Structure formats: C-alpha cells, structure tokens
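In: turn this into a model:
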Amino acid sequence: MAGAVLVACLGLVLYGVLGTEDGTGDDEPKVPTAAVTYEVTGEGSVDVSYLGRSEKGTATVERNVELPWKKTVQVPLGRPPTVGIVLDAEGGQARCALAIRGKHVQSSTASGSYGRATCAGELPAPPSTDPPADNG
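Out: Numbering: from 1, shown residues only. From the prediction side, this is the model:
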C-alpha cells in the first residue's frame, strides 16, 4: 500500500514539473506587455520590421509585404515599440504609424527607390520585483 502511494505521489510531482503533454503550459512572457498596433499604408510592397513579444527585444521582419498592412502585437514593457519600413526598388510612397494601447503615437513617410521610414514610441518600465529598500 505504501508503495502505491509513493508511486502516485511521484507521478503527481513529475506531472507538475514536466507539465501537460498537450502543450498548455505557461507560454506567457515573464515581463508584462502592452498592446501595440503597427500600420503601413501606401502603394507597392515594402519590407517591414517590428518589435513584438520578445523579452530579448529582437525584431520580426516581413519581406515584400503588399500594402496596406496592419498588425497588433504585445510588446514587453520597457522595450521601445518600433516599426521600420523600406520600399523596394520600384519606390513609391508608404506611411508607417504606431499606436500604443489604441492611442496614436507617431507616423512617418518613406518615398522613392528604397525609401525608409521609422516610427517609435515608449513603454513604461515593468514594475520592479525587488523588495523595497529598508530605510529604517
């Protein structure tokens, strides 16, 4: 009987450590995020680079995007949300825009062959997890 209880306890511990097999483990980032909407309008195709849910702050690049293009992503607090566009050799004109939590922050226009534009904003730093200093 004691062996069966021991095996059952060991199974529960392993289940908790390894998670479930269906992949529903905790995939959320460890840093709080804010909703950021990137939008590119204009004519032709562009390369778009933007910051999304990445605690390391790495950019995602989408190539030869046909316009218009719009994407809402979660950006870690403390990371500057940024979208950059580069027109192709055919040129034209395109406008990038950035909104944080639904509020317009910045827009910029690119024109001509390989024209470039960047839109950036600021997010507050995440709340500190450090205990308050003892000033006593």
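In: from Val40, how far off is Ile100?
Out: For Ile100, the distance to Val40 (CB to CB, to the nearest Å) stands at 17 Å. No exception for glycine: its C-beta is placed from N, CA and C like everyone else's.
In: likewise Thr109?
Out: 11 Å.
In: between the two, which is the more surrounded one?
Out: Using other CB atoms under 10 Å, the more surrounded residue of Thr109 and Val40 is Val40, with 24 against 13.
In: which residues does the more buried one form beta bridges with?
Out: As for beta bridges, Val40 partners with Trp69, Cys96 under DSSP bridges.
In: just the helices in this structure please.
Out: Applying DSSP state H to the chain gives helices spanning 2-18.
In: below-threshold pLDDT in it: ranges please.
Out: Applying pLDDT under 70 to the chain flags the ranges 1-29, 54-57, 129-136.
In: residue contacts, Glu66?
Out: Counting by CB atoms under 8 Å, 6 or more residues apart in numbering, Glu66 makes contact with Ser45.
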